[in-house]
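Trainee: Predicted model, plus sequence, below.
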Amino acid sequence: MLPLAERMRPKTLDEYIGQKHLVGEGAILRQMIESGNLSSFILWGPPGVGKTTLARIIAHELQRPFYTLSAVTSGVKEVREVIDKAKHYKSMNSGLFSALPQQEQARPILFIDEIHRFSKSQQDSLLGAVEDGTITLIGATTENPSFEVINPLLSRCQIYVLQPLGKDDLLELLHRVMTGDEFIRQRNITIRENDAILRYSGGDARKLLNIIELVTNSGVTVIDNEVVTRQLQQNPVAYDKDGELHYDIISAFIKSIRGSDPDAAIYWLARMVAAGEDPKFIARRLVISASEDIGLANPNALLIANACFDTLTKVGWPEGRIPLAMATVYLATSQKSNSAYLAIDAALAEIEKSGNLPVPLHLRNASTKLMEELGYHEGYQYAHDFQNHFVKQQYMPDELKDMHFWTPQGSPQEQRIAEWMKYLWNSDTKL
């Protein structure tokens, strides 16, 4: 018998749950399907939110040839073989193509799962076929495409972000499983409580289906929170797979660094290394942590994290686990500050409130004669011409001239910075 997740896979857009911003009435992907004008795009979102299913539905709705590759198991050779098949299809249906009002309506679809794992050369091999319309590319990724997909391919594809399923979506899926799957329905199972199912699912439809399958296969007829929790503790891998390793454990990893617990941080790092997590994914999170959680308390942390990322790309795997461990311990044992993180969020909140305030005239660049006549740059004082390379003058818009966004915190490094700023700005130099 097929797994429950496969038995419940939607076959039409109306059966598809979630992502209303993309497939709801009037949304962009639904418009593409209804018009038949499908352009290449990449679906970016966490596991279990319907990326593969959506690609299959689109191909089915448009009655297109559908080729699928996994970036984990496929290389340039497999990509070229699919492109050759698409070219053959195009030549065999040249009459059909010429009869269509828009030639792209008959393009075969190439779906590439985990496209972020494709190397640059593998991605390069797609460019020509996407450009000349031999294929319509649909990629799926759990990683930010701007980090992992080459710019020429990005410029040929739209990026659509899929969100974790909300509570209502998960409840709809749960109801559909209990009433629509014949095998489960025959068991006369009652769900008395669903809080644990929803909590452990974490917005992941596949995870929810795996939980239901695990619990119902245990022989219970009444499902409550205790039953679900007990079954998952006894079978910690059966319901989770990539979802836990990719999101729950990386969360524990970063929180251990933030909490200055190097032992816990190393443990969670080891869990990811042992599970085959993408090392660049870990390295990127270290760079973010160095900026967000350590910040100005130890600016060297960002240098260490970036050096770790660079070293990882040079030495590869498995030796790359060593710089990852070094950076992890360094970040976990560093003093912490999130003042820069709070400062940029405070400034963004102010911009949301006050809008695009004008730049003071003396800070504007007078690149033309007219700009000079209008007072651009007039009165600006060049800081390097003064003692300590500093002179008091207004840099904020007039409406915000007395506002502060950055607040120094208690680490020695930031206190030194704060004292220096206080010395400069509280001196006798007049504005």
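Mentor: Nice, thanks for sending it over. Since the structure is predicted, the reported quantities are computational estimates derived from the model, not experimental observations.
Trainee: show me the contacts for the residue most central in space within the chain.
Mentor: Nearest to the geometric centre of the chain sits Asn144, at 4.3 Å (Cα atoms, centre = their mean). By Cβ atoms under 8 Å, 6 or more residues apart in numbering, the contact list for Asn144 reads Trp44. Using the backbone N, CA and C atoms, a C-beta is placed for each residue, glycine as well.
Trainee: how close does it sit to Gly316?
Mentor: 22 Å (Cβ to Cβ, to the nearest Å).
Trainee: low pLDDT regions in the stretch 151-300 of the chain?
Mentor: Along the stretch 151-300 of the chain, the parts satisfying pLDDT under 70 run over 234-246.
Trainee: if we go to 50?
Mentor: 239-241, 243 (pLDDT under 50).
Trainee: since we're on Glu78, how many residues are nearby?
Mentor: Using other Cβ atoms under 10 Å, Glu78 has 15 neighbouring residues.
Trainee: excluding its backbone neighbours, what's nearest it?
Mentor: Nearest residue to Glu78 in three dimensions, chain neighbours excluded: Leu69, at 5.8 Å (Cβ to Cβ, 6 or more residues apart in numbering).
Trainee: Enumerate every residue touching the one you found.
Mentor: The contact partners of Leu69, by Cβ under 8 Å, 6+ apart, come to 78-79, 82, 110-113.
Trainee: tell me the secondary structure for Asp402?
Mentor: coil (DSSP: H, G, I helix; E, B strand; the rest coil).
Trainee: Quick check: it vs Trp420, distance?
Mentor: 20 Å.
Trainee: Looking at these two, which is more packed in?
Mentor: More neighbours surround Trp420 than the other of Asp402 and Trp420, with 12 against 7 (other Cβ under 10 Å).
Trainee: so that one sits in a helix?
Mentor: Yes. Counting by three-state DSSP, Trp420 is located in a helix.
Trainee: rewinding a little: name the SS class of the residue nearest to Glu78, please.
Mentor: strand.
Trainee: Do a quick rundown of the strands in the stretch 201-350 of the chain.
Mentor: Secondary structure of the stretch 201-350 of the chain (DSSP state E, counting those that start in this stretch): strands at 222-223.
Trainee: residue boundaries of the helices in it?
Mentor: 205-217, 225-234, 242-243, 249-258, 262-275, 279-289, 300-315, 321-333, 339-354 (DSSP state H, counting those that start in this stretch).
Trainee: Include distance to Gly18 and mean neighbour count when you put those into CSV, please.
Mentor: Shown next, in CSV, are these (distance: least, Cβ to Cβ, whole Å; neighbours: other Cβ atoms under 10 Å):
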stretch, distance to Gly18, mean neighbour count
helix 205-217, 7, 23
helix 225-234, 22, 16
helix 242-243, 15, 20
helix 249-258, 22, 20
helix 262-275, 27, 17
helix 279-289, 24, 20
helix 300-315, 33, 17
helix 321-333, 34, 20
helix 339-354, 28, 13
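Trainee: Dump the ones you listed into CSV; add distance to His175 as well.
Mentor: What follows is the helices of the stretch 201-350 of the chain, written out as CSV (distance: least, Cβ to Cβ, whole Å):
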stretch, distance to His175
helix 205-217, 11
helix 225-234, 17
helix 242-243, 22
helix 249-258, 29
helix 262-275, 33
helix 279-289, 35
helix 300-315, 45
helix 321-333, 43
helix 339-354, 38
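Trainee: Nearest to Leu43, out of these?
Mentor: Leu43 lies closest, by Cβ to Cβ, to one member of these: helix 205-217, at 14.3 Å.
Trainee: in the helix or strand where Glu6 lies, what's buried?
Mentor: Per DSSP states H and E: Glu6 is located in helix 4-7. Using 16 or more other Cβ atoms under 10 Å as the test for burial, helix 4-7 gives 4-5, 7.
Trainee: which one of those residues is nearest Ile223?
Mentor: The closest of the buried residues of helix 4-7, once distances to Ile223 are taken by Cβ to Cβ, is Leu4, at 14.1 Å.
Trainee: On the pLDDT front, check the closest one for me.
Mentor: pLDDT recorded at Leu4 is 89.
Trainee: How about the one 4 residues further on?
Mentor: Listed pLDDT for Met8 reads 90.
Trainee: Count residues in the vicinity of it, would you?
Mentor: 23.
Trainee: Show the contacting residues for it.
Mentor: Applying Cβ under 8 Å, 6+ apart to Met8 gives the contacts 173, 176-177, 180-181, 209.
Trainee: Roughly how far does it sit from Arg176?
Mentor: Relative to Arg176, and taking Cβ to Cβ, Met8 is found at 7 Å.
Trainee: Equivalent analysis for Glu15, please.
Mentor: 8 Å.
Trainee: who's in contact with Thr311?
Mentor: 320, 323.
Trainee: burial count for Lys422?
Mentor: 11.
Trainee: Tell me if Glu378 really is in a helix.
Mentor: No. Secondary structure of Glu378 (three-state DSSP): coil, not part of a helix.
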